[in-house]
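>>> coordinates only, no sequence provided:
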């Protein structure tokens, strides 16, 4: 993917389908090894992708949708190769799709990407045609998400113009989409145009996506940034060092509540306390009209994962931890939602 | 130190002076090695104590005051042993005291403990008498701080009665005082009396004092607790899982602003948003009438320290970080201040 005029090329490609449905494979950049090692895994089986999703080698709402979509293609091929026969093909694919869609519960994109591809494949006259349609739809989804990123980049660049000191939480960049990202997309656009931008990056415990991943891709893109502990943002705001905050989302509920990485809610509260705009950037695929409010979303618990990145011996082995992966930011803290269709004011921005 | 009736013994002894001024030494529990290793260092020179303070082997506002006080005793002995003579003794001691008091800037207790002992020593007729008076005063300061902890424990136990789910940030326990601690003292008292108490412990990046130290001493005392990432607290509050928050302080300004570990301000903002009381526990020695407001306090920057406890390779070597060690919680977010004299309502509690 190269840049187009006013937009730069994405600084990193987290996922790439290569080939047709018969011989193709999904190339996965293993995000658990970043920033130290850039290892690309070649996946030919749906179960491998499910495992990559579970262990967070593939992560981020939009990317989960794309990965799930391609995993359905792999599952279709596996069903054909296993010789289940035309009659049993569809039940087998449906069952595989259910397993793929359930690999992680919080992001709406995964389940919807999977069911979208499954639905498209049903128009095929035989299993091979179904698999071909599945790949076609997966590619279309990927292209749609890439275009959404570009649109978010352009709309967001207007929104953030003149706001040079921008805080973000977790990683909502090129690593979670097939394009420029969501929250980071406008920042890449502004930087590409020569605007003066500096990003405060919350390190984002427990899994340090800010320190490991956002810093990695901002560095590749040459965007100046500084990583801070998750507790630092309110103090930075109080000292007048933040002009705006922008984050991605795992799911946006019908009432506007935002489910996103744990710690997002605290950022939004601090923004309100200081009159700093709080923006949520997400493609329309992340909006879930079927979920009324944040409290209805399953919040994943990462028990023990927070120690993965700590030096052995830092914490007592027997320590009890709670590691909710997400939290809910109520709609009334949102200044604006930024989607491929433009800027939609939230309650705080009206 | 043993318990007395309604109060338990402190679960850990971070500092202990052994002997007279001529032959004595300061035993220091090296807090940088906790929770894995309990190593006690025997210090006979003021410079060793300065270094222990700088590298955070000794830490926490009240304990810094005591350590500084005993370091002046060591400096007095060194001056005598170096044979500077009676005339040069006082200038030498003053100069050493200035260096000790400047080992860290944020906590008011260090400078005030040092100058208190220096002042007391001046009544001595000769250097030996001065050193003796210095030790006497250092011991008195230690005893006063221990008694303050007991008083905070008793007053605080009343304040927290019925509030069984308590959140704390950083470490303001037995490890930072010669007694039961400040923020944790009421919790120890309640637990000792059989009250049902559960503590949410913020892990407290960058130096993980919650995960490493608060969890360590709560475990020794048998108090049930769960460690959470610093971004989790607002979400816990929103889900109704927190009854009160209590923290210590490095310095409380004349206007009531609280300077404490970075992240405290965000906890206070979230408490206000949810109508949860936010308490600050500190001995009177932490109140600094000479500093008008939080903005006037020097905030230490721990550049690079946040990686000390991370597995090598977790962050890119070249990453730019900012690590303010403290932040300012404005007085109007404080429900009450808890001191040895009792409970003083803050603006939020009036």
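Sure, I can see it. Everything numeric here is computed off the predicted structure, so don't read it as measured data.
>>> please enumerate the helices of chain A.
In chain A, helices defined by DSSP state H lie at A:46-54, A:61-81, A:86-101, A:108-121, A:127-160, A:185-192, A:209, A:215-221, A:233-238, A:264-274, listed in chain order.
>>> right, and those helices - which one's nearest residue B:205?
helix A:233-238 (12.0 Å; Cβ to Cβ). C-beta: built from backbone N, CA, C; applies to glycine.
>>> what packs against that closest one?
The contact analysis (3 or more Cβ pairs under 8 Å, 6 or more residues apart in numbering or on different chains; DSSP states H and E) places helix A:233-238 against strand A:165-168, strand A:198-202, helix A:264-274, helix B:264-274, strand B:326-329.
>>> any chance of the ones you listed in TSV, plus distance to residue A:14 and mean pLDDT?
Output for those, formatted as TSV (distance: least, Cβ to Cβ, whole Å; pLDDT from 0 to 100):
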stretch	distance to residue A:14	mean pLDDT
strand A:165-168	17	98
strand A:198-202	18	98
helix A:264-274	21	98
helix B:264-274	31	98
strand B:326-329	35	97
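>>> for stretch A:309-326, measure first residue to last.
End-to-end span of stretch A:309-326 (Cα to Cα, to the nearest Å): 19 Å.
>>> hang on, the earlier thing: let's have the helices and strands packed on helix A:233-238 in CSV, adding distance to residue B:193 and mean neighbour count.
Converted to CSV, the helices and strands packed on helix A:233-238 look like this (distance: least, Cβ to Cβ, whole Å; neighbours: other Cβ atoms under 10 Å in any protein chain shown):
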stretch, distance to residue B:193, mean neighbour count
strand A:165-168, 44, 24
strand A:198-202, 40, 24
helix A:264-274, 33, 25
helix B:264-274, 25, 25
strand B:326-329, 29, 26
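>>> leaving out the residues flanking it, which one is nearest to the residue positioned nearest the centre of chain A?
Centrality entry for chain A: nearest residue to the mean C-alpha point is residue A:60, 2.4 Å, by Cα atoms, centre = their mean. Residue nearest to residue A:60 in three dimensions, not counting chain neighbours: residue A:176, with 2.3 Å by Cβ to Cβ, 6 or more residues apart in numbering or on different chains.
>>> show the model's pLDDT score for the one you found.
Looking at residue A:176, its pLDDT is 96.
>>> contact partners for it?
By Cβ atoms under 8 Å, 6 or more residues apart in numbering or on different chains, residue A:176 lies in contact with A:14, A:59, A:60, A:61, A:62, A:63, A:182, A:248.
>>> any idea how far residue A:209 is from it?
9 Å (Cβ to Cβ, to the nearest Å).
>>> joint contacts of the two?
With Cβ under 8 Å, 6+ apart as the test, residue A:176 and residue A:209 both reach residue A:59.
>>> residue A:97 against residue A:114, yeah?
Yes - at 5.1 Å, residue A:97 counts as touching residue A:114 under the criterion of Cβ atoms under 8 Å.
>>> do you know how far the closest residue to chain B within the stretch 101-250 of chain A is from residue B:210?
Closest to chain B within the stretch 101-250 of chain A is residue A:231: 2.3 Å, counting by Cβ to the nearest Cβ. Distance of residue A:231 to residue B:210, computed by Cβ to Cβ: 10 Å.
>>> the more surrounded of these two?
Legend: neighbour count by other Cβ atoms under 10 Å in any protein chain shown for residue A:231 and residue B:210, higher for residue A:231 (32 against 27).
>>> give the contact list for the closest residue to the more buried one other than its chain neighbours.
Of all residues not flanking residue A:231 in the chain, residue B:263 sits nearest, at 2.3 Å (Cβ to Cβ, 6+ apart). Residue B:263 makes contacts with A:229, A:230, A:231, A:232, B:169, B:170, B:202, B:204, B:205, B:230, B:327, as judged by Cβ under 8 Å, 6+ apart.
>>> the residue in the stretch 1-150 of chain A that chain B sits nearest to - how many residues pack around it?
Nearest residue of the stretch 1-150 of chain A to chain B: residue A:36, at 4.3 Å (Cβ to the nearest Cβ). Residue A:36: 15 surrounding residues under other Cβ under 10 Å.
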